[in-house]
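**Q** the following comprises the amino acid sequence and a computationally predicted model.
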Amino acid sequence: MAIKQKKTLSKEMITQAVIDSFKKLNPVMMIKNPVMFIVEIGTFITFVLCVVPDAFGPSTVSRGYNVTVFLTLLFTVLFANFAEALAEGRGKAQANTLRKTKSDTIAKLLQKDGSIKEVSSTQLRKGDIVRVDAGKLIPSDGEIIEGLASVDESAITGESAPVIKEAGGDFSSVTGGTRVVSDYIIVKVTTDPGESFLDRMISLVEGATRQKTPNEIALTTLLTVLTLIFLFVIITIVPLANYLHIKLDTATLIALLVCLIPTTIGGLLSAIGITGMNRVTQFNVLAMSGKAVEAAGDIDTMILDKTGTITFGNRMAAEFIPVDGVSQKDITLAALQSSVKDETPEGRSVVELANKLGVTWPENEYADAEIIEFTAESRMSGLNVSNGTKIRKGAVDAIKAFVITANGSIPNDLEEKANQIAKAGGTPLAVSINNRIYGLIYLKDTVKPGLKERFAELRAMGIKTVMCTGDNPLTAATIAQEAGVDEFIAEAKPEDKIEAIKREQAQGKLVAMTGDGTNDAPALAQADVGLAMNSGTMAAKEAANMIDLDSDPTKLLSVIAIGKQLLITRGSLTTFSIANDIAKYFAIIPALFIVALPQLQALNIMRLTSPQSAILSALIFNAIIIPLLIPVAMKGAKYKAMDANRLLRRNLLVYGLGGMVAPFIGIKVIDMMIAGLM
Amino acid sequence: MSIGIIQVAVTLLIALLLIKPVGSYLVNVFSYEKTRLDRVFGPVERLFYRIMGVHEEQSMDSKQYVTAVLFSNFVMMILIYAVLRLQKHLPFNPDGIDNMPSALAFNTAASFITNTNWQAYSGESGLSYLSQMLAITFPMFTSSATGFAVAIAFIRGISGNKNELGNFYVDLVRLITRVLLPLSFIAALFLVFQGVPQTLHGAVTATTLEGANQVITRGPVASLESIKHLGTNGGGYFGTNAAHPFENPTPLTNLLHILFMLLLPTSLIYAFGVMIKNKRQGWSVFAAMSVIFLIMLGTVLFQEYKGTPALHAMGIHGNMEGKEVRFGFFESALFTAVTTAATTGSVNNMHDSLTPLGGFVPLAEMMLNNVFGGKGVGLLNGLLYVILSVFICGLMVGRTPEFLGRKIEAKEMKLASIALLIHPILILVPTALAFLRPESMASILNPGSHGISEVLYAFTSGAANNGSAFAGLTANKNFYNISIGLVMLFGRYISIIAMLAIAGSLATKSRVAASVGTFRTDTPLFTVILLMMILIIGALTFFPALALGPIAEHLGM
C-alpha cells in the first residue's frame, strides 16, 4: 500500500528535516515568510553584536548575553524551519514510494495500419492507441476502447483485489502504472508524458506545486502587518527612551521585537498547510489543491447518492409479489425470465431467489434474445426475445408507461402493493411480459451501519445532507428516515443533481457531492467540493477537485472534518500566538526601563529575577513554544463535531485563555531555571 | 460624592434613552425610499442639488464615493486656507485681526476639514468673525457630515448586494439639512438662553471692581458651540474651550454638551444594526464599546477624586487643578471621558492637569479610536476590529471567516491591514521624530515622563482626529503645525479610503448562508472577543510608549 504510510515519522525523515532546516536559512527562501524573515535579520544583527559588541553604539551588556540572544533567535528560526521541513519530508516520502511504481515500460503502440510497434511509455502522446496484455503495466492514463480485463490497481489505491475494467460505461478509465491481470485491452492514451495521474499525484503529495491557499494568504497578510506594527513600536521607542536618558541595548530591542511578533503561528503556518494536505492523502484521498481542502471546511450541504454511499447498494430480491389474477409461480417465473441475462447484482439476486423457490429456467433458451440494458433514462431492463416477446422489469412507473403504450391495462392492486414495499423501505420492481404486468419484485436495501450517527454529527455541525436516488418518493422517504438524512431527491435524473446543487448555491451555500459516472461530471464540476471515485470515469475525475482512491463515497465526511480541522488549527495557533503577547510585555517592558525608572518594578508582576533573565526567559519561551506546538500543527487541533458557538467557546478557552496564561507560567519557570546560571 | 455619581448616571441614562429614537431617525434620513421627511426637506434639498449639479438618483460605487469625498473635502480645505490667509482683507473683522501665517493656516485648515479641531491658534486673538464662521463653523458641519456619510456608505456596502454605496452629495446634504442644522439651531437658542453670547459686534471693554479696564472678547459663540458638540468637532471659540464661561456657562449647558457629543456616535451604532437587519449585531458592538468606555470613565473618576499623594500631603482631597469649580470632579471627569471617546476634543478642564492615570484615559481612548468614536469614523474603526476578530476567531469554528455572510479574504485583509497599520504609525513615528529634534523637544513644558505624554498626546489627538489638547506643549511651531497637519489628513483619509474599498469589495460578494456551523457575531461571546481584540491589538501597540509616559509617571508619584 503506497499512500497509506501509517508510520509517519522515521529516523531518516527527522535527520533529513534537521538538515533541511539549515538549508532553509537561505534568505531567498526565508523572505517568503515575512515574520520569520524579520527574526532571521534579528539573528544576523545579534551575530554581529557577538563579534563586535559596540557595532551599534556602546554596549552595556555582556558578550555572554549577546551570544545567548543570538543562539535563542537562531533556534527560533531553525525550529520554524524544522516544522516546515518535517511536514514536507512526510510528503516527499509518500512521493518517493509512488515514484517507484512509475518506471519506464515498453508499450505496444498500435499503428494506423494495424501493426504493433514497441515504444517506450515516455514517447506516448495523447490520442495514441496501445494494446496492453495480461501481466503488463498500463503505460499511461487512458480510456479502454476495446476489451475487458481485470486490473490490479493496488499501486495507487492500496486495494489488492483486482477490478474489472471494460470499454464503454463508467468503468472504462485506466491509470498508468496499474497492471492488467487477465485478458487484454486496447487503450486510447489521454495524457501526455509528465501530466499523467501518477505524475500529478507525485507533485501534489510532494508539495512541489503547493500554492498558498486564499485563507493562508489572508492570514499571512495579517501576520505581516502585525509584524510591521511591532517593528514601528520598537524602533520608535528608542528616541522616547533617550529623552528619559534610558539607553536601550540593541540585542534587547531585537529580543522584544521577536517576542512580540507572531512567531508561533508565523513559524508553523506552512507546516499546518502542508500537513493538512497530507492528512487528506493519508485518507487515500487526493485533493487537487489546498483550496479544495479549505472549501471542504465550509461545506453547508452534502449531496450523496443513496446507492453505494448511504446503503450498500446491492439490493437483493427478497420476495416476489403477484398482482391480482397472477399466481405466485407465474410471477416468480416472469421475474426469473426477466433476469436470466441480467448480470447486475439485483438481477443475480432475482435468479438466486427464484432458484431457491424451486423455479428454474434454462439460460440458453434466450441465447438469441436482444438484451435491453438498464439506463437512467428508461429505468428498466429486459429482453426482446426473437419471437417478439418483450420481457421487462424496472421502476413501476416506467413499466406502467411501457405497458400502456403497448395497449395493456394496469392491475388495480399494483399501485397499493408497490407502495407497501416502498413504505417498508424496499424497492418495488414491476415485471411485465408484453403488455401484461405480472407483479412486483421486492428489492431490499440496507443502510450502512454507523451512518445515522455521522449524519446526526453533521447536523450538529450545521451541515445538511441531501440523498439522491432514482427510487420512487416513498422508497426514498423510508430510506431517508432510516439513514437520518435531512432531505432527499427521489426519481432523480443526473440533471436533477446539478439542479439541486445550483439551488443550494443560490441560497449562498457551499455544496459537496460524490460521483463516479460520466453523467456526474457536470454536477461534480458545479459542486464546490466534488469527490470523484477512482473507479469512476476519467470525465468524472477531471471534473472533481478530489479523488478518492478507495472509491468509498463516505470519505466525503472525513474530508470535511479534515478541512475544518485545518482551519481550526490555523485560527487556534494564531489566537494562541497573539494572546502570548500580554505576558511577554509584562516580562520585557519593566526589564527594559527598570534601571532608569525603578518605579516600573510594579509592572514586573511575575517577579522575574533580573532584567536580563526576564528578557531571556521571554525569548526562550518564545522559541521553545514552536517545537512544542509542532505536534498540534502536524496532527491538527482536536476537533469534535459540535455547533459553532460551543466549538468557539471551547477553542477560545484552550487557545485564547491558555495562550494568555501559559507564558506567565512558562516564563516564570524558565526564569527560575536560568537565574542560577547567570 | 453620591451626588456626583448620580449626575453621571443620569447623564448616561438620558444618553442611552436617546439612542433608539435618534438611531431610527438616522435610518430614515439615509433611506433612499420615500419617507415623510422628503416632504419637509425635499424642496430645499432639491434646490441645493440643482445648484451643485447633483443627480440625486445616481448611486456611486466605492471608487466614485471616495473620489467625491476627497474632491469635495479638498475644495473646502482650499477655501478654509484662503479665508485664513486673507482674513485681514475680508469683511466681519471688527477687531482688525491679521492674516494667519502659512504653516498655522495649513494646520488649521487640515484640522477643521478632518473634523479634528486641533487648535494651534487662539480663537480670541487669531481669527476674525468671518474666519470663525467660514473657516471654523462651516467645516464643523461639512466635516462631520462627511464622516457620517462615509459610515453610512460603508454600512450600505456590507448590507446591500451591489457595489452601490449611495450618493455622497445627497448623504452630505441630508445630514446637514435633516440632522445637524435643525438640532444645532435649537441647541444654539438654548445656549443663548443660558447666557452664551451670539453677536457680530466686536469686543467690549468693561471696568472691573478694582477700576481696571478689561477687554472681553465675544462673537457668534452659541452657533459654533452647538454644532461643535453635535458634530463631535470640539474646536472652541475661545482658547480655553468649554472651560470658558461664555462657551459653557452652567451645569445645564455642560449636560447639553455631553449629550450632544454622545448623541450621534451612539445612535449610529443602533442605526447600523437596523440597516444590516440585525439589531443584536448593533447592540453587541455597542456593548463592547460601552464596556471600554465605562472602564475608562471609572478610571478617570477614581483617579481625579483620589488626587495625588503630594496633594494629600497638603491636606487637599482630590485633584481640582485645571478644573472649573462649577463642574467639579465628576462633571469634569465625565466630560474628559466623553470628549475623547466620541473624539470631539473639546475640554471643560485642562487635561494636562489631570493625574497621570487620569490623563492616561483620554490618551488611551484616542489610541483605541473606536470607543463610540466620532462622526461615523469611530464606528468604522470599531467595525475594522470586528473584521479582525471575525478573521482570527472565525477560523476556530472550522470555516473560512465571514462577516454578515460575506467571506473575508486576502483583499479585505490587505485593506484592513492598511487601516490597522496607519493609526499607530501616525502616532508613534512623528512622536519619535519630535524626540529626535532638540528644537521640537524645546516645546515641551514639563520634563520627564510628563513631557513624553505631552508630545504623544498631541500626535494621538491628531491621528484620532480628536483635537483635544493636553496643553503644556507649545504646538504653534512649524514642525508641529506641519507634522500634526499631515497626521490629521492621513489619519482621516487613508482609513476612509481603505474602509470604503472594503465595503465595495464585500458588496459584490455573494452572501453565504448562516447555519449552526457559522460563527455568530451578535452574541455576548462575540462582544467579549471583540473587547479582547481591541484591548490586545489596539492597546498592546501603545503599551511601551504609555509605560514611559503616564504609567511611569503614575508609578513614580
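**A** Thanks, I have it.
**Q** for the helix or strand hosting A:A93, packing partners?
**A** Under the criterion of DSSP states H and E, A:A93 resides in helix A:63-101. Contact here means 3 or more Cβ pairs under 8 Å, 6 or more residues apart in numbering or on different chains; DSSP states H and E; on that basis helix A:63-101 packs against helix A:11-23, helix A:34-51, helix A:154-157, helix A:197-206, helix A:250-260, helix A:263-282, helix A:611-635. C-betas here are computed from N, CA, C, even on glycine.
**Q** of those, which is nearest chain B?
**A** Across those, the minimum distance to chain B, taken as Cβ to the nearest Cβ, is reached by helix A:250-260, at 7.7 Å.
**Q** how far off centre is that closest one?
**A** Offset of helix A:250-260 from its chain centre (Cα atoms, centre = their mean, to the nearest Å): 40 Å.
**Q** just checking, what packs against that helix?
**A** helix A:34-51, helix A:63-101, helix A:214-243, helix A:555-593, helix A:611-635.
**Q** got TSV for those helices, with mean pLDDT too?
**A** Below are the helices and strands packed on helix A:250-260 laid out as TSV (pLDDT from 0 to 100):
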stretch	mean pLDDT
helix A:34-51	93
helix A:63-101	86
helix A:214-243	91
helix A:555-593	88
helix A:611-635	91
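**Q** so of the ones you listed, which one's packed in deepest?
**A** Sort the helices and strands packed on helix A:250-260 by mean neighbour count, taking mean count of other Cβ atoms under 10 Å in any protein chain shown, and helix A:555-593 sits at the top with a mean of 25.
**Q** now do that one against helix A:250-260, angle only.
**A** 150 degrees (axes from the mean of the first three to the mean of the last three Cα atoms, to 10 degrees).
**Q** wondering if helix A:555-593 reaches chain B at all.
**A** Yes: Helix A:555-593 reaches chain B (Cβ under 8 Å from any Cβ of the partner chain) through A:563-565, A:567-568, A:570-572, A:574-575, A:578-579, A:581-582, A:585, A:589, A:592-593.
**Q** and after the worst-scoring helix or strand of chain A on mean pLDDT, which helix or strand comes next?
**A** Lowest on mean pLDDT, DSSP states H and E among the helices and strands of chain A sits helix A:154-157, with a mean of 68. The C-terminal neighbour of helix A:154-157 among helices and strands, as given by DSSP H and E, is strand A:163-166.
**Q** residues in contact with that following strand?
**A** Contact with strand A:163-166 is made by A:144, A:147-151, A:153, A:171-174, A:185, A:535, as judged by Cβ atoms under 8 Å, 6 or more residues apart in numbering or on different chains.
**Q** that older thread, would JSON lines of the helices and strands packed on helix A:250-260 with distance to A:F664 be doable?
**A** Formatted as JSON lines, the helices and strands packed on helix A:250-260 follow (distance: least, Cβ to Cβ, whole Å):
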{"stretch": "helix A:34-51", "distance to A:F664": "23"}
{"stretch": "helix A:63-101", "distance to A:F664": "19"}
{"stretch": "helix A:214-243", "distance to A:F664": "20"}
{"stretch": "helix A:555-593", "distance to A:F664": "5"}
{"stretch": "helix A:611-635", "distance to A:F664": "10"}
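**Q** quick one, which of the ones you listed gets closest to B:A498.
**A** helix A:214-243 (11.8 Å; Cβ to Cβ).
**Q** between helix A:263-282 and that closest one, find me the angle.
**A** Using the same axes, to 10 degrees: helix A:214-243 against helix A:263-282 is 170 degrees.
**Q** report the distance from helix A:214-243 to the chain centre.
**A** On Cα atoms, centre = their mean, the centre of helix A:214-243 falls 35 Å from the chain's centre.
**Q** now the angle between helix A:34-51 and it, please.
**A** Using the same axes, to 10 degrees: helix A:214-243 against helix A:34-51 is 40 degrees.
**Q** can you tell if helix A:214-243 touches chain B?
**A** Yes: contact between helix A:214-243 and chain B, assessed by Cβ under 8 Å from any Cβ, occurs at A:214-215, A:217-219, A:221-222, A:224-226, A:228-230, A:232-243.
**Q** what's the answer for stretch A:465-475, then?
**A** No: Stretch A:465-475 does not reach chain B (Cβ under 8 Å from any Cβ); its nearest approach is 12.6 Å.
**Q** buried residues of that stretch, list them for me.
**A** A:465-472, A:474-475 (16 or more other Cβ atoms under 10 Å in any protein chain shown).
**Q** contact partners for the spatially closest residue to A:L78 that is not a sequence neighbour?
**A** If the residues on either side of it in the chain are set aside, A:L78 comes closest to A:S21, at 5.0 Å by Cβ to Cβ, 6 or more residues apart in numbering or on different chains. Counting by Cβ under 8 Å, 6+ apart, A:S21 makes contact with A:78-79, A:81-82, A:84-85.
**Q** mind doing that once more with 7 Å?
**A** A:78, A:81-82, A:85 (Cβ atoms under 7 Å, 6 or more residues apart in numbering or on different chains).
**Q** could you do A:G515 as well?
**A** Contacts of A:G515 (Cβ under 7 Å, 6+ apart): A:523-524, A:530, A:532, A:536, A:540.
**Q** report the lowest-confidence entry in those.
**A** Lowest pLDDT of those: A:G536, 73.
**Q** ok, B:D61 to A:G666 distance?
**A** 50 Å (Cβ to Cβ, to the nearest Å).
**Q** nope, A:F197 is what I meant
**A** 48 Å.
**Q** near chain B, which residues of the stretch 251-400 of chain A show up?
**A** Residues of the stretch 251-400 of chain A lying near chain B by Cβ under 7 Å from any Cβ of the partner chain: A:294, A:297-298, A:300.
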